[in-house]
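Engineer: I would like the atomic coordinates for the input below:
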Amino acid sequence: MRSTGQLALATLLAMGTSGCGEDTESVSPPPSFCEPPNRIVGDACIEPGVQDDGCPAGTLGLDDGSCRPAGIVAGECGEGFEHDGDVGCEPILPAESCPAGLMAVPGETACRPVMGCGSGTWGDISIDGQTQHVDQSFSGASDGTIAAPWTTVSEGVAAVPAGGLVAIAAGSYAEDVVVSQKPLRVHGVCPQQVEIVGIGEQPGALFIQSSQTEVRGIAIRGASVGVVLSGVQDVVLDQLHVHDNAGRGIVLQNNFGPTSATLLDSLVELNRQIGVFQGASTITIERSVVRDTLPGASGAGGISAQESPTTGEPSLTTVRGSLVERNIGEGVFVQASEATIEASVIRDSVSAGPGHLGRGINIQDSVDSGLPALVSVHTSVVERNSEDGLFVAGSEVTIESTVVRDTVVPPQSTSARALSIQHDVGATAPSIAVVRGSLLERSVEVGLFVTGSDVTIESTVVRSTMPDPSGTFGYGVAVQRNAVTGDPSHVMVRASQLTSHHSAGLFVTDSVVTVDGTLVTGTVPSDAGLFGDGLNAQFINTTPNLFVVASRIDDSTRAGVASFGATVSLGTTLVGCAAFPLNGESFNGSDFVFEDRGGNACACLGASGPCKSVSAGLEAPQPLPE
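Structural biologist: Model (predicted):
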């Protein structure tokens, strides 16, 4: 039955009532006594606000018959993290950030040097009969032996046979080192004692042009870029301290052919513009720290993966078990490339004005070709970043078992969103995203913002959004159309919890949204005293469609469900305490419609009665700025 204006829904019987804000008890009388609004599913009598599998709203039914709470459950945190006993994970890290030269990665509770130095001149380097030795302190005729070592790294590199080892004793070696034509190993005693100081005559202080090269136990700083790789594959950068370079810390580019490397157990800090940069290349970053990158002439950030500007070939990036912190600009930037981020912490990115946004993770399509980025974020924590914890434009993203929280409002801005998902930069294609088993909390203005995109939100908690500085917003989830093309967003919110928001728990304009098995609770007015609706659907240019099934909307200060010229379909749903359980207003020339799909109920403080829509002349909330 569809009607405009008031619509009487089914009367809630005493057996289906509950206190405002309390969980409904599972009631399974014999089917012959299962009276509406309860419903028979199989041999069970199911109440409004409970899913067909018997799981209450806000939980996900599993194959074994159990009900999984929304958020991150125990056992789903990544290595180096621990469950917080609620719905999130905490990284195991020192209480205070480590000072320059020291590091800790998730799973470590104390700051430490990059590596141990061992004892003696050559420390723990595994020297052999073909090793070329380098010791800056030696004086005399050199031949690369222990007794007569070279005094520059470049001499050792030139003399060593293919696959051989260059062992470097303590010292500060002022030179640009070029590794070319043969694979080799370059091992220093430890980064605390061995450094290469680039003089700016080569593209980098260490310029690697040979595949299967391994560099270990060295500090690298200098007048230009720290480490440069191009046209080489299977390079290993192990236990390095790349710091205080006048240019980028580490650069991988495909100018001279396919390029790939692994960065292990290293510290990249205080470099200029970008800590680790990729252009159409491949890198795995494990158990490493990238921090305190300073702004450069164009852009800034911790890790940046970009496509080839000429061929569109993507970069391939894996960040695992690492810490990316305190970078000016984005913590991680992925453009038209493929990336996996897992068991890592991205935090405290800082905005320094236009071009240095300070987002935790920024994922976007190519400005030139429109090719999307393909990114997965798993078992990670993204916290205390600026403007957006995680930003997605025109790309395909999966976010699982991840915490995004405490985003900071940057100067000259009014928002600090946990997660923003929008259409591509050309406004012609949507992002496609899945957010599963995650926690988004303590954002400003909105927790999760979707515009012109297709998104599935499953078993996720979005909570405690704070109002923006104007006191107008504070939405949990906001879904809006593509403002350029008018194309709607399509969003599924399933088995999730939207709790403790201002103005609206879920706000929808000109889009299609399904709310299935979801709990929306504790929506209060904004700081300006406005609104307070659990669900709010609003017509701007196209009639939005809001489908609500097997859900529960509790403790809304104003309306449980509000329609402003929108079409709202309700089925098997419980609307708890609200000043107006259902409120409809004609808006922008469009009549509101409530569609009763049966099995609905309204209840508060033990009282029950007809659940009717009213038109109380309520004011409509505003769409969010894009």
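Engineer: for the protein, which segments count as helices?
Structural biologist: Listed in chain order, the helices of the chain (DSSP state H) span 153-159.
Engineer: centroid-nearest residue for it?
Structural biologist: Nearest residue to the geometric centre of the chain (Cα atoms, centre = their mean): residue 390, 4.3 Å.
Engineer: so what's that residue bridging to?
Structural biologist: residue 361, residue 419 (DSSP bridges).
Engineer: ok, it touching residue 359?
Structural biologist: Yes: if you go by Cβ atoms under 8 Å, residue 390 and residue 359 touch, sitting 7.5 Å apart. All C-beta spots, glycine's among them, are computed from the backbone N, C-alpha and C.
Engineer: so what sits against both of those two?
Structural biologist: Common neighbours of residue 390 and residue 359, counting by Cβ atoms under 8 Å, 6 or more residues apart in numbering, are absent.
Engineer: low-confidence stretches in this structure?
Structural biologist: 1-32, 298, 354-356, 607-610 (pLDDT under 70).
Engineer: I'd like to know how many residues surround residue 222.
Structural biologist: 24 (other Cβ atoms under 10 Å).
Engineer: touching, it and residue 196? I think so.
Structural biologist: Yes: between residue 222 and residue 196 a contact is recorded at 7.3 Å, counting by Cβ under 8 Å.
Engineer: mutual contacts of those two, please.
Structural biologist: By Cβ under 8 Å, 6+ apart, the residues touching both residue 222 and residue 196 are residue 205.
Engineer: rewinding a little: contacting residues for the residue nearest to the centre of the chain?
Structural biologist: Residue 390 neighbours (Cβ under 8 Å, 6+ apart): 359-361, 363, 377, 382, 399, 404, 418-420.
Engineer: repeat that with 10 Å
Structural biologist: Listed by Cβ atoms under 10 Å, 6 or more residues apart in numbering, the contact partners of residue 390 are 331-332, 341, 346, 359-363, 375, 377, 380, 382, 397, 399, 402, 404, 407, 417-421, 433, 435, 440, 448.
Engineer: got a quick ChimeraX command for the buried subset of these?
Structural biologist: To isolate the buried members of those in ChimeraX, using 16 or more other Cβ atoms under 10 Å:
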select :331,332,341,346,359,360,361,362,363,375,377,380,382,397,399,402,404,407,417,418,419,420,421,433,435,440,448
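Engineer: quick one: which of the contacts of residue 390 sit in strands?
Structural biologist: Per DSSP state E, strands hold the following members of those: 331-332, 341, 346, 361-363, 375, 377, 382, 397, 399, 404, 417-421, 433, 435, 440, 448.
Engineer: show me what contacts residue 159?
Structural biologist: 132-134, 142-144, 150, 166 are the contacts of residue 159 under Cβ under 10 Å, 6+ apart.
Engineer: apply 6 Å and report the result again.
Structural biologist: Applying Cβ atoms under 6 Å, 6 or more residues apart in numbering, one finds that residue 159 lies in contact with 132, 144.
Engineer: run through the bridge partners of the residue nearest to residue 286 when sequence neighbours are not counted.
Structural biologist: Among residues not flanking residue 286 along the chain, residue 320 sits closest, at 4.9 Å (Cβ to Cβ, 6 or more residues apart in numbering). Bridge pairing for residue 320 (DSSP bridges) gives the partners residue 286, residue 342.
Engineer: swap in residue 559?
Structural biologist: residue 580.
Engineer: then residue 235?
Structural biologist: Counting by DSSP bridges, residue 235 is bridged to residue 261.
Engineer: thinking it is in contact with residue 213, fair?
Structural biologist: Yes: the pair residue 235 / residue 213 is scored as a contact, 5.1 Å apart, by Cβ atoms under 6 Å.
Engineer: now stretch 107-125: buried residues?
Structural biologist: For stretch 107-125, by 16+ other Cβ under 10 Å, it's 107-108, 114-115, 117, 122-123, 125.
Engineer: kindly reformat those as JSON lines and extend each row with distance to residue 576.
Structural biologist: Below are the buried residues of stretch 107-125 laid out as JSON lines (distance: Cβ to Cβ, whole Å):
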{"residue": "107", "distance to residue 576": "42"}
{"residue": "108", "distance to residue 576": "45"}
{"residue": "114", "distance to residue 576": "55"}
{"residue": "115", "distance to residue 576": "58"}
{"residue": "117", "distance to residue 576": "64"}
{"residue": "122", "distance to residue 576": "72"}
{"residue": "123", "distance to residue 576": "67"}
{"residue": "125", "distance to residue 576": "68"}
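Engineer: now, the most widely separated pair of those residues?
Structural biologist: 107 and 122 (30.1 Å; Cβ to Cβ).
Engineer: strands of the stretch 1-150 of the chain, start to end?
Structural biologist: 2-4, 39-41, 44-46, 59-61, 67-69, 81-83, 89-91, 132-134 (DSSP state E, counting those that start in this stretch).
Engineer: which of these sits most buried?
Structural biologist: strand 132-134 (a mean of 26; mean count of other Cβ atoms under 10 Å).
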